[in-house]
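Asks: whatever this is, show me its structure:
(one chain, ligands or ions: 1)
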Amino acid sequence: MPSISNKGLSMPESPIRKLVPYAEAAKERGIEVIHLNIGQPDIKTPQIALDAVKNNDLEILAYSRTEGSEAYRQKIAKYYAKNDIDVTASQIIVTTGGSEALAFAMNTIADMGDEIIIPEPFYANYNGFATASGLNVVPVTSYIEDNFALPPIEEFEKLITTRTRAILICNPGNPTGYLYSKEEIKKLAAIVKKHDLFLVADEVYREFTYEGREHYSILQEAGLEKHAIVVDSVSKRYSMCGARIGCLVSKNKEVIQTALKFAQARLSPPTYAQIASEAALETPQRYFDAVKEEYVSRRDLLITELNKIEGIKVGNPQGAFYCIVELPIKNADKFAQWLLESFNTNGATVMVAPAAGFYATEGLGLNQVRIAYVLEKEEIKKAVHILGEALKVYND
Ligand SMILES: Cc1ncc(COP(=O)(O)O)c(C=O)c1O
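Replies: Have a look, this model is predicted:
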């Protein structure tokens, strides 16, 4: 048989999806599986976005411009202006999800064998995008005891080599829910300027900040124009994960020109989904207010209920809709599998995402799981109860 590429063989499997066969088998046995493992919100997509597609009278579903439709990019620029971010349509490339923006960013700023520093735990797919682009991820560890705050700047400096091209952050963080402060962004700005690196910020959860905390974008930081690249997405903002629309934003002309060449190879982002995403920008503020209120109450309930379980450690997420939970067990992979294969309470069990896959450092996160609070409160309460019952009997 012809051989598979080394690159293909070294592509990491998604740590979130690898337990799916066990969940499917549990469902076939008639067990209800409550999904705490994935970030698919149950919040309704704004009607205005769905209607824009339904009521459209397009006769040819044509390609759009490579960088995305002019009208849509103009409106995205206005959205950023409302958020105190001053960018023009020409500084935005519409992509097929934030995922494609991540791939374009990595390919634009780094060559095979170059390094990118990322605070861990991080969104597990950064590993996949880095592998596909031939980059090495260099992790700098953040800790649950510090609520996953930015690691000290000296820790970053220790890791910078001649091959380092960028620092990548996720703000607010998946899987930690940590929201970087303005001071932390300023520290990162100083370091990337000092060492002439790019700063890539994945801001797909920018809208999800709680208790009146404000998101501070790297695009707001003066003097970072040549360094800053933002990855954004409509997936979570408007509960439009299936639209597959995101964008890459940078004030650095060379970055945009180069990313555009990668974009040209895939011709254009999806046309219908851009129509939906453009309409979604008209979503009234009350939609976001209601969504935020819902997430805050889900988070509060989740943290309160988790803290009732003995031996559990959990941070205080200030944004996004995830948290890392440390459990009184040795191996979360085995525990998560056991939950699906061998445990249920009144016919129900839970699916969690083992956290080791969110770390690049071998051996970290083994006793941690990521929980997404994208379910209704009754379900969250039931799920945490099941988790507590499971921990009473689990023995590793
Ligand atoms: C941190 C982060 N970045 C990027 C993405 C990619 O999202 P999408 O490609 O749907 O825009 C996700 C999806 O869960 C995410 O959590």
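
Asks: burial of the closest residue to the ligand within the stretch 1-150 of the chain, as a residue count?
Replies: Of the residues in the stretch 1-150 of the chain, the one nearest the ligand is residue 97, at a distance of 2.7 Å by CB to the nearest ligand atom. Every C-beta, even on glycine, is put in place using the N, C-alpha and C of the backbone. Neighbour count for residue 97, taken as other CB atoms under 10 Å: 23.

Asks: report the separation between it and residue 125.
Replies: 11 Å (CB to CB, to the nearest Å).

Asks: for residue 370, give me its contacts.
Replies: Residues counted as contacts of residue 370 (CB atoms under 8 Å, 6 or more residues apart in numbering) are 37, 121, 175, 322, 323, 324, 325, 352, 353, 355, 358.

Asks: SS state for it?
Replies: strand (DSSP: H, G, I helix; E, B strand; the rest coil).

Asks: how near is it to residue 286?
Replies: Counting by CB to CB, the gap from residue 370 to residue 286 is 30 Å.

Asks: residue 381 now?
Replies: Distance check for residue 381 against residue 286: by CB to CB, it reads 27 Å.

Asks: related to what we said a few turns ago, the residue of the stretch 1-150 of the chain closest to the ligand touches residue 244, doesn't it?
Replies: Yes: applying CB atoms under 8 Å, one finds residue 97 in contact with residue 244, separated by 4.7 Å.

Asks: got any residues that touch both of those two?
Replies: Listed as contacting both residue 97 and residue 244 by CB under 8 Å, 6+ apart are residue 235.

Asks: would you mind measuring from residue 117 to residue 175?
Replies: From residue 117 over to residue 175 (counting by CB to CB), the distance is 18 Å.

Asks: these two - which one has more neighbours?
Replies: It is residue 175, of residue 117 and residue 175, that has more neighbours when counted by other CB under 10 Å, with 30 against 24.

Asks: coming back round to it: which of residue 381 and residue 286 has more neighbours?
Replies: Shown here are residue 381 and residue 286; by other CB under 10 Å, residue 381 has more neighbours (15 against 8).

Asks: check contacts around the residue of the stretch 1-150 of the chain closest to the ligand.
Replies: By CB under 8 Å, 6+ apart, residue 97 lies in contact with 233, 235, 244, 245, 246.

Asks: export those residues as TSV, with columns for pLDDT, secondary structure and distance to the ligand.
Replies: Shown next, in TSV, are the contacts of residue 97 (pLDDT from 0 to 100; DSSP: H, G, I helix; E, B strand; the rest coil; distance: CB to the nearest ligand atom, whole Å):
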residue	pLDDT	secondary structure	distance to the ligand
233	98	strand	3
235	96	coil	3
244	98	coil	7
245	98	coil	7
246	98	strand	4
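
Asks: let's have those in TSV, adding distance to residue 296 and neighbour count.
Replies: Putting the contacts of residue 97 into TSV (distance: CB to CB, whole Å; neighbours: other CB atoms under 10 Å) gives the following:
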residue	distance to residue 296	neighbour count
233	21	27
235	20	22
244	28	19
245	26	29
246	25	25
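
Asks: quick check: the closest residue to residue 238 other than its chain neighbours vs the ligand, distance?
Replies: Nearest residue to residue 238, sequence neighbours excluded (CB to CB, 6 or more residues apart in numbering): residue 280, at 4.4 Å. Using CB to the nearest ligand atom, to the nearest Å, residue 280 is found at 13 Å from the ligand.

Asks: please export the C-alpha coordinates of stretch 34-51 as PDB.
Replies: Written as PDB, here are the backbone C-alpha positions of stretch 34-51 (Å, rounded to 0.1, in the frame of the first residue of the first chain):
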ATOM      1  CA  ILE A  34     -25.200  14.300  29.200                       C
ATOM      2  CA  HIS A  35     -22.600  16.100  27.100                       C
ATOM      3  CA  LEU A  36     -20.400  18.300  29.200                       C
ATOM      4  CA  ASN A  37     -17.600  17.700  26.700                       C
ATOM      5  CA  ILE A  38     -18.300  19.900  23.700                       C
ATOM      6  CA  GLY A  39     -18.700  23.700  23.100                       C
ATOM      7  CA  GLN A  40     -21.900  23.500  20.900                       C
ATOM      8  CA  PRO A  41     -24.200  26.000  22.500                       C
ATOM      9  CA  ASP A  42     -27.900  25.200  22.900                       C
ATOM     10  CA  ILE A  43     -28.700  28.900  22.400                       C
ATOM     11  CA  LYS A  44     -30.900  29.800  19.400                       C
ATOM     12  CA  THR A  45     -29.300  31.400  16.400                       C
ATOM     13  CA  PRO A  46     -30.700  35.000  15.900                       C
ATOM     14  CA  GLN A  47     -33.800  34.700  13.700                       C
ATOM     15  CA  ILE A  48     -32.600  37.600  11.600                       C
ATOM     16  CA  ALA A  49     -29.600  35.500  10.400                       C
ATOM     17  CA  LEU A  50     -31.700  32.500   9.500                       C
ATOM     18  CA  ASP A  51     -34.300  34.600   7.700                       C
END
